[in-house]
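> I'd like to go over a predicted model; first the sequence, then the structure.
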Amino acid sequence: MTSTADNAVLSLPEWEIATLDQVDASVQVLGSKSYTNRFLAMAGLSSRPTTLHNALLSQDTILLSKALRAFGHVEVDIDESSNIVTVTPTGNPMTAPAREIHMGNAGTPIRLLITMAGLARGRTVLTGSDRMQERPMAHLLEALAPLGVTATALRGNGSPPIAVEGPALVGGDTRVDGTVSSQFTSSLLISAPYAQNDVRVEIVGDLLSKPYVDMTVEAMKRNGVVVERDGYTSFSVAAGQRYQAGQVTVEPDASGMSYFLAAAAILRGRVRIPGITRASVQGDVGLVDALVRMGCTANADTDSITLEGGALTGIDIDMSNMPDVVPTLAIVAAYATGNTHITGIGNLRFKECDRIDAVSTELRKMGVTVDTTIDTMTIHGGSAPRGAVIDTYDDHRIAMAFAIMGLRTPGVVIKDPGCVAKSFPTFWQRLDGLRRGDA
Ligand SMILES: O=C(O)C1=C[C@@H](OP(=O)(O)O)[C@@H](O)[C@H](O)C1
Ligand SMILES: C=C(OP(=O)(O)O)C(=O)O
(Lines give C-alpha, C1' and ligand atoms only; values in the text may rest on other atoms or scores of the structure.)
(Ligands and ions follow the chains in the order given, each with its own letter.)
Protein backbone atom coordinates (compact mmCIF):
# COMPACT_ATOMS: atom_id res chain seq x y z
CA MET A 1 0.00 0.00 0.00
CA THR A 2 1.28 3.46 -0.85
CA SER A 3 -0.16 6.91 -0.70
CA THR A 4 1.48 7.90 -3.96
CA ALA A 5 -1.00 7.83 -6.79
CA ASP A 6 -0.63 9.11 -10.30
CA ASN A 7 -2.27 8.19 -13.53
CA ALA A 8 -0.42 4.85 -13.49
CA VAL A 9 -3.16 3.72 -11.09
CA LEU A 10 -5.54 3.74 -14.05
CA SER A 11 -3.80 0.70 -15.52
CA LEU A 12 -3.46 -1.34 -12.31
CA PRO A 13 -5.72 -4.35 -11.73
CA GLU A 14 -6.54 -3.08 -8.23
CA TRP A 15 -5.60 -0.28 -5.85
CA GLU A 16 -5.59 -0.34 -2.06
CA ILE A 17 -6.63 2.92 -0.48
CA ALA A 18 -4.44 4.28 2.33
CA THR A 19 -6.44 5.58 5.27
CA LEU A 20 -6.31 9.22 6.21
CA ASP A 21 -6.74 10.53 9.76
CA GLN A 22 -7.88 14.00 8.90
CA VAL A 23 -8.70 16.10 5.86
CA ASP A 24 -8.59 19.86 5.33
CA ALA A 25 -8.20 20.47 1.62
CA SER A 26 -9.20 22.48 -1.39
CA VAL A 27 -9.96 20.23 -4.37
CA GLN A 28 -9.90 21.22 -8.06
CA VAL A 29 -12.68 19.19 -9.68
CA LEU A 30 -12.73 18.78 -13.46
CA GLY A 31 -15.42 20.40 -15.61
CA SER A 32 -18.98 19.07 -15.59
CA LYS A 33 -19.52 15.98 -17.72
CA SER A 34 -23.12 16.92 -18.45
CA TYR A 35 -22.35 20.50 -19.49
CA THR A 36 -19.36 19.38 -21.57
CA ASN A 37 -21.54 16.84 -23.40
CA ARG A 38 -24.24 19.45 -24.03
CA PHE A 39 -21.89 22.18 -25.26
CA LEU A 40 -20.06 19.69 -27.49
CA ALA A 41 -23.33 18.48 -29.02
CA MET A 42 -24.54 22.02 -29.64
CA ALA A 43 -21.17 22.98 -31.12
CA GLY A 44 -21.44 19.93 -33.35
CA LEU A 45 -24.68 21.30 -34.80
CA SER A 46 -23.62 24.94 -35.04
CA SER A 47 -22.14 26.66 -38.06
CA ARG A 48 -20.08 28.91 -35.78
CA PRO A 49 -16.90 27.96 -33.90
CA THR A 50 -17.04 27.11 -30.20
CA THR A 51 -14.25 27.13 -27.64
CA LEU A 52 -14.91 25.21 -24.44
CA HIS A 53 -12.80 26.18 -21.44
CA ASN A 54 -12.44 23.89 -18.42
CA ALA A 55 -14.03 21.17 -20.53
CA LEU A 56 -14.10 17.69 -19.07
CA LEU A 57 -11.68 15.55 -21.04
CA SER A 58 -12.64 12.01 -20.14
CA GLN A 59 -13.55 8.81 -21.95
CA ASP A 60 -17.15 9.86 -22.53
CA THR A 61 -16.50 13.37 -23.78
CA ILE A 62 -13.63 12.24 -26.00
CA LEU A 63 -15.89 9.59 -27.54
CA LEU A 64 -18.47 12.29 -28.21
CA SER A 65 -15.83 14.56 -29.77
CA LYS A 66 -14.71 11.76 -32.08
CA ALA A 67 -18.28 10.97 -33.05
CA LEU A 68 -18.97 14.61 -33.93
CA ARG A 69 -15.85 14.65 -36.09
CA ALA A 70 -17.07 11.53 -37.89
CA PHE A 71 -20.18 13.39 -39.11
CA GLY A 72 -17.90 15.75 -41.03
CA HIS A 73 -19.69 18.98 -40.07
CA VAL A 74 -17.08 20.03 -37.48
CA GLU A 75 -13.44 19.55 -36.64
CA VAL A 76 -12.72 19.06 -32.93
CA ASP A 77 -9.34 19.92 -31.40
CA ILE A 78 -8.61 18.80 -27.87
CA ASP A 79 -5.85 20.43 -25.84
CA GLU A 80 -5.35 18.11 -22.91
CA SER A 81 -2.84 20.35 -21.19
CA SER A 82 -5.29 23.25 -20.88
CA ASN A 83 -8.66 21.42 -20.93
CA ILE A 84 -9.69 23.53 -23.92
CA VAL A 85 -11.73 22.04 -26.75
CA THR A 86 -12.15 23.94 -29.99
CA VAL A 87 -14.96 22.95 -32.33
CA THR A 88 -14.68 24.44 -35.81
CA PRO A 89 -17.32 24.03 -38.52
CA THR A 90 -15.93 22.62 -41.76
CA GLY A 91 -18.64 24.07 -44.00
CA ASN A 92 -19.83 20.55 -44.85
CA PRO A 93 -23.29 19.27 -43.89
CA MET A 94 -23.64 16.43 -41.37
CA THR A 95 -23.20 13.11 -43.16
CA ALA A 96 -23.68 9.66 -41.67
CA PRO A 97 -20.27 8.04 -41.08
CA ALA A 98 -19.63 4.97 -43.25
CA ARG A 99 -18.57 2.96 -40.20
CA GLU A 100 -20.69 2.41 -37.10
CA ILE A 101 -19.96 4.76 -34.23
CA HIS A 102 -18.78 3.01 -31.08
CA MET A 103 -19.72 4.95 -27.97
CA GLY A 104 -18.38 2.67 -25.23
CA ASN A 105 -20.66 3.14 -22.22
CA ALA A 106 -21.21 6.85 -22.76
CA GLY A 107 -24.96 6.98 -22.14
CA THR A 108 -25.62 10.70 -22.44
CA PRO A 109 -23.48 11.10 -25.60
CA ILE A 110 -25.08 8.18 -27.46
CA ARG A 111 -28.56 9.43 -26.58
CA LEU A 112 -27.76 12.97 -27.72
CA LEU A 113 -26.32 11.57 -30.95
CA ILE A 114 -29.39 9.49 -31.78
CA THR A 115 -31.50 12.60 -32.47
CA MET A 116 -28.56 14.45 -34.04
CA ALA A 117 -28.12 11.55 -36.47
CA GLY A 118 -31.62 12.32 -37.74
CA LEU A 119 -30.11 15.51 -39.20
CA ALA A 120 -27.28 13.72 -41.03
CA ARG A 121 -27.52 12.49 -44.59
CA GLY A 122 -27.55 8.68 -44.75
CA ARG A 123 -27.76 5.83 -42.28
CA THR A 124 -25.92 6.23 -38.97
CA VAL A 125 -25.34 3.20 -36.78
CA LEU A 126 -24.57 3.85 -33.12
CA THR A 127 -23.39 1.11 -30.80
CA GLY A 128 -21.38 0.62 -27.60
CA SER A 129 -20.08 -1.72 -24.93
CA ASP A 130 -21.89 -4.89 -23.86
CA ARG A 131 -23.55 -2.91 -21.08
CA MET A 132 -24.53 -0.16 -23.52
CA GLN A 133 -26.23 -2.81 -25.61
CA GLU A 134 -28.55 -3.38 -22.64
CA ARG A 135 -29.27 0.25 -21.76
CA PRO A 136 -32.79 1.47 -22.61
CA MET A 137 -33.38 3.77 -25.59
CA ALA A 138 -36.80 2.61 -26.86
CA HIS A 139 -38.66 5.65 -25.53
CA LEU A 140 -36.38 7.95 -27.48
CA LEU A 141 -36.74 5.91 -30.66
CA GLU A 142 -40.54 6.00 -30.30
CA ALA A 143 -40.50 9.76 -29.72
CA LEU A 144 -38.48 10.35 -32.88
CA ALA A 145 -41.01 8.72 -35.22
CA PRO A 146 -43.65 11.53 -35.05
CA LEU A 147 -40.83 14.01 -35.73
CA GLY A 148 -40.05 12.21 -39.00
CA VAL A 149 -37.03 10.17 -37.94
CA THR A 150 -36.84 6.40 -38.29
CA ALA A 151 -34.52 5.12 -35.58
CA THR A 152 -34.39 1.38 -35.10
CA ALA A 153 -32.85 -0.87 -32.48
CA LEU A 154 -31.22 -3.43 -34.77
CA ARG A 155 -31.67 -6.30 -32.30
CA GLY A 156 -35.27 -5.34 -31.59
CA ASN A 157 -34.62 -4.85 -27.88
CA GLY A 158 -34.76 -1.05 -27.68
CA SER A 159 -30.99 -0.85 -27.06
CA PRO A 160 -27.94 -0.24 -29.28
CA PRO A 161 -26.92 -0.96 -31.95
CA ILE A 162 -29.32 1.65 -33.29
CA ALA A 163 -29.68 2.72 -36.91
CA VAL A 164 -30.94 6.22 -37.69
CA GLU A 165 -32.01 7.26 -41.20
CA GLY A 166 -31.53 10.88 -42.22
CA PRO A 167 -31.82 13.66 -42.97
CA ALA A 168 -35.33 13.37 -41.63
CA LEU A 169 -35.91 15.65 -38.62
CA VAL A 170 -39.11 17.31 -39.85
CA GLY A 171 -40.32 18.42 -36.42
CA GLY A 172 -43.84 18.68 -35.04
CA ASP A 173 -45.39 17.31 -31.86
CA THR A 174 -44.23 14.26 -29.97
CA ARG A 175 -44.46 12.59 -26.57
CA VAL A 176 -41.64 11.01 -24.62
CA ASP A 177 -41.67 8.89 -21.50
CA GLY A 178 -39.89 10.74 -18.70
CA THR A 179 -39.71 7.95 -16.14
CA VAL A 180 -36.65 6.02 -17.37
CA SER A 181 -34.15 8.68 -18.41
CA SER A 182 -34.22 12.46 -18.78
CA GLN A 183 -31.57 12.08 -21.48
CA PHE A 184 -34.31 11.30 -24.03
CA THR A 185 -35.86 14.72 -23.46
CA SER A 186 -32.48 16.46 -23.53
CA SER A 187 -31.65 14.67 -26.77
CA LEU A 188 -34.85 15.81 -28.50
CA LEU A 189 -34.46 19.40 -27.27
CA ILE A 190 -30.81 19.87 -28.26
CA SER A 191 -31.38 18.97 -31.92
CA ALA A 192 -34.86 20.55 -32.09
CA PRO A 193 -33.79 24.01 -33.38
CA TYR A 194 -32.44 22.33 -36.52
CA ALA A 195 -35.73 20.55 -37.37
CA GLN A 196 -37.65 21.94 -40.33
CA ASN A 197 -40.63 22.90 -38.12
CA ASP A 198 -41.21 23.82 -34.50
CA VAL A 199 -40.82 20.92 -32.08
CA ARG A 200 -43.11 20.34 -29.12
CA VAL A 201 -42.25 17.58 -26.65
CA GLU A 202 -44.81 16.41 -24.13
CA ILE A 203 -43.49 14.40 -21.19
CA VAL A 204 -45.39 11.23 -20.33
CA GLY A 205 -45.24 10.32 -16.63
CA ASP A 206 -43.29 12.18 -13.98
CA LEU A 207 -39.96 13.30 -15.38
CA LEU A 208 -37.03 12.03 -13.32
CA SER A 209 -33.59 13.60 -13.16
CA LYS A 210 -35.30 16.98 -13.69
CA PRO A 211 -32.22 19.15 -13.08
CA TYR A 212 -30.56 17.60 -16.14
CA VAL A 213 -33.34 18.97 -18.31
CA ASP A 214 -32.92 22.35 -16.58
CA MET A 215 -29.24 22.15 -17.50
CA THR A 216 -30.18 21.44 -21.11
CA VAL A 217 -32.58 24.38 -21.29
CA GLU A 218 -30.06 26.66 -19.58
CA ALA A 219 -27.17 25.56 -21.81
CA MET A 220 -29.32 26.11 -24.92
CA LYS A 221 -30.23 29.58 -23.65
CA ARG A 222 -26.56 30.43 -23.05
CA ASN A 223 -26.07 29.41 -26.67
CA GLY A 224 -28.85 31.66 -27.99
CA VAL A 225 -31.73 29.17 -28.30
CA VAL A 226 -34.96 29.68 -26.36
CA VAL A 227 -37.00 26.74 -25.05
CA GLU A 228 -40.58 27.52 -24.02
CA ARG A 229 -41.78 25.22 -21.28
CA ASP A 230 -44.66 24.31 -19.07
CA GLY A 231 -42.81 23.14 -15.96
CA TYR A 232 -41.64 19.62 -16.65
CA THR A 233 -44.66 18.55 -18.68
CA SER A 234 -43.99 20.09 -22.09
CA PHE A 235 -41.21 21.87 -23.94
CA SER A 236 -41.31 23.77 -27.28
CA VAL A 237 -38.50 24.92 -29.52
CA ALA A 238 -39.22 27.28 -32.42
CA ALA A 239 -37.63 26.28 -35.71
CA GLY A 240 -34.94 28.41 -37.27
CA GLN A 241 -33.07 29.24 -34.06
CA ARG A 242 -29.33 28.65 -34.30
CA TYR A 243 -26.63 28.03 -31.69
CA GLN A 244 -24.44 31.12 -31.38
CA ALA A 245 -21.57 29.12 -29.88
CA GLY A 246 -18.50 31.27 -29.06
CA GLN A 247 -16.57 31.04 -25.78
CA VAL A 248 -18.00 28.83 -23.06
CA THR A 249 -16.58 28.07 -19.61
CA VAL A 250 -17.72 24.84 -17.98
CA GLU A 251 -18.21 24.83 -14.20
CA PRO A 252 -16.81 22.00 -12.05
CA ASP A 253 -18.63 18.68 -12.04
CA ALA A 254 -21.04 18.38 -9.12
CA SER A 255 -21.06 14.58 -9.28
CA GLY A 256 -17.25 14.48 -9.24
CA MET A 257 -17.24 16.92 -6.33
CA SER A 258 -19.44 14.58 -4.30
CA TYR A 259 -16.64 12.13 -3.46
CA PHE A 260 -14.54 14.80 -1.79
CA LEU A 261 -17.49 16.17 0.16
CA ALA A 262 -18.12 12.62 1.33
CA ALA A 263 -14.49 12.45 2.48
CA ALA A 264 -15.03 15.55 4.63
CA ALA A 265 -18.25 14.06 5.98
CA ILE A 266 -16.86 10.69 7.03
CA LEU A 267 -13.51 11.98 8.32
CA ARG A 268 -15.11 14.93 10.16
CA GLY A 269 -12.78 17.19 8.22
CA ARG A 270 -13.21 20.07 5.81
CA VAL A 271 -13.15 20.18 2.00
CA ARG A 272 -13.50 23.24 -0.22
CA ILE A 273 -14.43 23.03 -3.91
CA PRO A 274 -13.72 26.28 -5.77
CA GLY A 275 -15.64 27.37 -8.88
CA ILE A 276 -19.10 25.99 -8.02
CA THR A 277 -21.82 27.14 -5.62
CA ARG A 278 -24.89 25.64 -4.02
CA ALA A 279 -26.97 27.66 -6.51
CA SER A 280 -25.64 25.63 -9.47
CA VAL A 281 -28.24 24.20 -11.86
CA GLN A 282 -26.46 20.85 -11.52
CA GLY A 283 -28.86 18.81 -9.40
CA ASP A 284 -26.04 16.93 -7.71
CA VAL A 285 -25.22 20.00 -5.60
CA GLY A 286 -28.31 18.78 -3.71
CA LEU A 287 -25.96 16.34 -2.00
CA VAL A 288 -24.69 19.27 0.06
CA ASP A 289 -28.15 19.80 1.57
CA ALA A 290 -28.44 16.06 2.20
CA LEU A 291 -25.10 16.01 4.04
CA VAL A 292 -26.15 19.04 6.08
CA ARG A 293 -29.32 17.19 7.05
CA MET A 294 -27.09 14.30 8.14
CA GLY A 295 -25.06 16.57 10.46
CA CYS A 296 -22.45 18.35 8.32
CA THR A 297 -22.06 22.11 7.96
CA ALA A 298 -21.83 23.90 4.62
CA ASN A 299 -21.03 27.46 3.67
CA ALA A 300 -23.02 29.85 1.49
CA ASP A 301 -20.09 31.35 -0.44
CA THR A 302 -20.47 32.93 -3.84
CA ASP A 303 -17.47 31.23 -5.43
CA SER A 304 -17.05 27.85 -3.76
CA ILE A 305 -18.61 25.12 -1.66
CA THR A 306 -17.06 24.17 1.67
CA LEU A 307 -18.32 21.24 3.66
CA GLU A 308 -17.33 20.37 7.21
CA GLY A 309 -18.10 16.99 8.70
CA GLY A 310 -20.09 16.48 11.89
CA ALA A 311 -21.76 13.68 13.84
CA LEU A 312 -23.73 11.84 11.14
CA THR A 313 -27.28 10.56 11.47
CA GLY A 314 -29.36 8.73 8.87
CA ILE A 315 -32.06 10.50 6.84
CA ASP A 316 -34.99 9.71 4.55
CA ILE A 317 -34.39 11.17 1.12
CA ASP A 318 -35.92 11.08 -2.38
CA MET A 319 -32.95 11.13 -4.77
CA SER A 320 -34.85 11.06 -8.08
CA ASN A 321 -33.32 14.44 -8.94
CA MET A 322 -29.72 13.44 -8.18
CA PRO A 323 -29.27 9.80 -9.21
CA ASP A 324 -25.51 9.98 -9.79
CA VAL A 325 -24.71 10.84 -6.17
CA VAL A 326 -26.68 7.94 -4.68
CA PRO A 327 -23.54 5.75 -4.33
CA THR A 328 -21.84 8.70 -2.61
CA LEU A 329 -24.65 9.26 -0.13
CA ALA A 330 -24.93 5.53 0.49
CA ILE A 331 -21.31 5.21 1.57
CA VAL A 332 -21.65 8.20 3.91
CA ALA A 333 -24.79 6.58 5.37
CA ALA A 334 -22.70 3.54 6.30
CA TYR A 335 -20.90 5.71 8.90
CA ALA A 336 -24.04 7.40 10.25
CA THR A 337 -26.07 6.33 13.24
CA GLY A 338 -29.55 5.17 12.32
CA ASN A 339 -30.91 4.23 8.93
CA THR A 340 -30.80 6.13 5.66
CA HIS A 341 -33.77 5.40 3.42
CA ILE A 342 -33.24 6.43 -0.22
CA THR A 343 -36.29 6.50 -2.51
CA GLY A 344 -37.00 7.40 -6.16
CA ILE A 345 -33.98 5.58 -7.56
CA GLY A 346 -35.46 2.90 -9.84
CA ASN A 347 -33.47 4.14 -12.81
CA LEU A 348 -30.20 3.38 -11.03
CA ARG A 349 -30.77 -0.11 -12.35
CA PHE A 350 -30.13 1.16 -15.92
CA LYS A 351 -26.86 3.02 -15.41
CA GLU A 352 -23.31 1.78 -16.11
CA CYS A 353 -24.35 -1.17 -13.95
CA ASP A 354 -27.34 -1.91 -11.75
CA ARG A 355 -26.23 0.53 -9.07
CA ILE A 356 -28.78 -0.60 -6.48
CA ASP A 357 -27.39 -4.14 -6.71
CA ALA A 358 -23.77 -3.01 -6.91
CA VAL A 359 -23.87 -0.58 -3.97
CA SER A 360 -25.79 -2.99 -1.74
CA THR A 361 -23.58 -5.99 -2.64
CA GLU A 362 -20.34 -4.12 -1.98
CA LEU A 363 -21.59 -2.47 1.24
CA ARG A 364 -22.66 -5.90 2.52
CA LYS A 365 -19.14 -7.19 1.79
CA MET A 366 -17.96 -4.47 4.16
CA GLY A 367 -20.33 -5.66 6.86
CA VAL A 368 -23.02 -3.02 6.35
CA THR A 369 -26.66 -4.09 6.39
CA VAL A 370 -28.59 -2.86 3.33
CA ASP A 371 -32.19 -3.54 2.29
CA THR A 372 -33.30 -2.91 -1.27
CA THR A 373 -36.47 -2.91 -3.31
CA ILE A 374 -36.92 -2.29 -7.01
CA ASP A 375 -36.49 1.46 -6.47
CA THR A 376 -35.26 2.08 -2.91
CA MET A 377 -32.30 1.34 -0.72
CA THR A 378 -32.03 1.43 3.08
CA ILE A 379 -28.57 1.57 4.61
CA HIS A 380 -28.35 0.58 8.26
CA GLY A 381 -25.74 2.73 9.95
CA GLY A 382 -24.10 2.07 13.27
CA SER A 383 -21.82 -0.91 12.62
CA ALA A 384 -18.23 -0.03 11.71
CA PRO A 385 -17.61 -1.04 8.08
CA ARG A 386 -14.65 -3.40 7.53
CA GLY A 387 -12.19 -3.56 4.64
CA ALA A 388 -12.95 -5.61 1.54
CA VAL A 389 -11.96 -6.08 -2.08
CA ILE A 390 -14.52 -4.02 -3.98
CA ASP A 391 -15.80 -5.10 -7.38
CA THR A 392 -16.50 -2.03 -9.50
CA TYR A 393 -18.64 -3.42 -12.37
CA ASP A 394 -16.91 -1.16 -14.93
CA ASP A 395 -18.69 1.70 -13.16
CA HIS A 396 -16.70 4.81 -12.29
CA ARG A 397 -19.12 5.89 -9.58
CA ILE A 398 -18.86 2.59 -7.68
CA ALA A 399 -15.04 2.85 -7.77
CA MET A 400 -14.96 6.48 -6.63
CA ALA A 401 -17.57 6.14 -3.87
CA PHE A 402 -15.99 3.05 -2.29
CA ALA A 403 -12.50 4.55 -2.59
CA ILE A 404 -13.70 7.24 -0.17
CA MET A 405 -14.65 4.54 2.36
CA GLY A 406 -11.00 3.43 2.16
CA LEU A 407 -9.90 6.77 3.60
CA ARG A 408 -11.59 5.83 6.87
CA THR A 409 -11.78 2.02 6.81
CA PRO A 410 -8.47 0.13 6.46
CA GLY A 411 -8.16 -2.59 3.83
CA VAL A 412 -10.42 -1.23 1.07
CA VAL A 413 -9.11 -2.46 -2.28
CA ILE A 414 -10.69 -1.07 -5.46
CA LYS A 415 -10.64 -3.43 -8.42
CA ASP A 416 -10.16 -1.98 -11.92
CA PRO A 417 -9.38 1.55 -10.70
CA GLY A 418 -9.05 2.60 -14.36
CA CYS A 419 -12.83 2.66 -14.75
CA VAL A 420 -12.89 6.17 -13.23
CA ALA A 421 -11.62 7.45 -16.60
CA LYS A 422 -15.20 7.53 -17.86
CA SER A 423 -15.82 10.81 -16.06
CA PHE A 424 -12.82 11.62 -13.82
CA PRO A 425 -9.44 10.46 -15.18
CA THR A 426 -7.50 12.45 -12.55
CA PHE A 427 -9.54 11.09 -9.65
CA TRP A 428 -6.68 9.11 -8.09
CA GLN A 429 -4.35 12.11 -8.21
CA ARG A 430 -6.98 14.30 -6.60
CA LEU A 431 -7.59 11.67 -3.92
CA ASP A 432 -3.88 11.54 -3.22
CA GLY A 433 -3.80 15.35 -3.06
CA LEU A 434 -6.24 15.23 -0.13
CA ARG A 435 -3.31 14.05 1.94
CA ARG A 436 -1.42 17.27 1.20
CA GLY A 437 -4.39 19.62 1.40
CA ASP A 438 -4.07 20.80 -2.20
CA ALA A 439 -5.82 18.27 -4.36
O1 LIG B 1 -28.24 14.44 -19.04
C2 LIG B 1 -27.23 14.12 -18.42
O3 LIG B 1 -26.13 14.70 -18.60
C4 LIG B 1 -27.32 13.02 -17.43
C5 LIG B 1 -28.54 12.59 -16.98
C6 LIG B 1 -28.69 11.56 -15.93
O7 LIG B 1 -29.24 10.42 -16.53
P8 LIG B 1 -30.82 9.99 -16.41
O9 LIG B 1 -31.63 11.10 -16.92
O10 LIG B 1 -30.90 8.75 -17.24
O11 LIG B 1 -31.06 9.75 -14.94
C12 LIG B 1 -27.37 11.19 -15.26
O13 LIG B 1 -27.48 9.96 -14.60
C14 LIG B 1 -26.24 11.12 -16.25
O15 LIG B 1 -25.02 10.82 -15.63
C16 LIG B 1 -26.05 12.44 -16.95
C1 LIG C 1 -25.12 7.47 -15.58
C2 LIG C 1 -24.00 8.09 -15.93
O3 LIG C 1 -23.62 8.38 -17.18
P4 LIG C 1 -24.28 8.10 -18.61
O5 LIG C 1 -25.73 7.82 -18.43
O6 LIG C 1 -24.02 9.34 -19.39
O7 LIG C 1 -23.54 6.91 -19.17
C8 LIG C 1 -23.06 8.57 -14.89
O9 LIG C 1 -22.10 9.27 -15.23
O10 LIG C 1 -23.25 8.28 -13.70
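Structure received. Residues are numbered from 1 along each chain as shown. Ligands and ions are numbered 1, 2, ... in the order given.

> what mean pLDDT does whichever helix or strand Ile356 is part of get?
Per DSSP states H and E, Ile356 falls inside helix 355-365. Averaging pLDDT along helix 355-365 yields 98.

> tell me which parts of the protein are close to ligand 1?
Counting by CB under 6 Å from any ligand atom, the positions of the chain adjacent to ligand 1 are Ser34, Asn37, Thr108, Ser181, Ser182, Gln183, Ser186, Ser209, Tyr212, Pro323, Asp324, Asn347. C-betas here are computed from N, CA, C, even on glycine.

> do the helix holding Ile356 and ligand 2 come into contact?
No: counting by CB under 6 Å from any ligand atom, no contacts exist between helix 355-365 and ligand 2, the nearest distance being 8.2 Å.

> got the buried residues for the helix or strand just after that helix?
Next along the chain after helix 355-365, taking DSSP H and E as the criterion, comes strand 369-372. For strand 369-372, the neighbour count (16 or more other CB atoms under 10 Å) marks Val370, Thr372 as buried.

> quickly run through the sheet partners of strand 369-372, with directions.
In its sheet, strand 369-372 lies beside strand 377-380 (antiparallel), with partners assigned from DSSP bridges.

> ok, Ile114 touching Arg135?
No: with contact taken as CB atoms under 8 Å, Ile114 and Arg135 are classed as non-touching, separated by 11.8 Å.

> higher neighbour count, the two?
For Ile114 and Arg135, the more surrounded residue by other CB atoms under 10 Å is Ile114, and the numbers stand at 25 against 21.

> let me know the secondary structure of that one.
Classification of Ile114 by DSSP: H, G, I helix; E, B strand; the rest coil places it in helix.

> can you pull the pLDDT of it?
According to the prediction, Ile114 has pLDDT 98.

> what's near enough to touch it?
When contacts are counted by CB atoms under 8 Å, 6 or more residues apart in numbering, Ile114 touches Leu126, Met137, Leu140, Leu141, Leu144, Ala151, Ile162, Val164, Ser187.

> just Ser209 next, same as before
For Ser209, the contacting residues are Ser181, Ser182, Gln183, Gly283, Ser320, Asn321, Pro323, Asn347, by CB under 8 Å, 6+ apart.

> secondary structure, neighbour count and pLDDT for those - can I get that in a markdown table?
Output for the contacts of Ser209, formatted as a markdown table (DSSP: H, G, I helix; E, B strand; the rest coil; neighbours: other CB atoms under 10 Å; pLDDT from 0 to 100):
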| residue | secondary structure | neighbour count | pLDDT |
| --- | --- | --- | --- |
| Ser181 | coil | 27 | 98 |
| Ser182 | coil | 28 | 98 |
| Gln183 | helix | 25 | 98 |
| Gly283 | helix | 25 | 98 |
| Ser320 | coil | 21 | 98 |
| Asn321 | coil | 17 | 98 |
| Pro323 | helix | 25 | 98 |
| Asn347 | helix | 19 | 97 |
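
> run a quick neighbour tally on the residue of the chain found nearest ligand 2.
At 2.7 Å from ligand 2, Gly107 is the closest residue in the chain, using CB to the nearest ligand atom. Residues contacting Gly107 under the criterion other CB under 10 Å number 23.

> need the max-distance pair from the residues of the chain next to ligand 1.
In terms of CB to CB, the residues of the chain next to ligand 1 reach their longest pairwise distance at Asn37 and Asn347, which sit 17.8 Å apart.

> re the thing from before, quick check: phi and psi on the residue of the chain closest to ligand 2?
Dihedral pair for Gly107: phi -60, psi -50, per degrees, to the nearest 10.

> try the one 3 residues further on
Ile110 has phi and psi values of phi -70, psi -40 when expressed as degrees, to the nearest 10.

> for the contacts of Ser209, which one is nearest Arg293?
Asn321 (14.9 Å).

> quick one, what contacts the closest one?
When contacts are counted by CB under 8 Å, 6+ apart, Asn321 touches Leu208, Ser209, Lys210, Pro211, Gly283, Gly286, Gly344.

> cool, and Met132?
Applying CB under 8 Å, 6+ apart, the residues contacting Met132 are Met103, Gly104, Asn105, Ala106, Gly107, Ile110, Ser159, Pro160.
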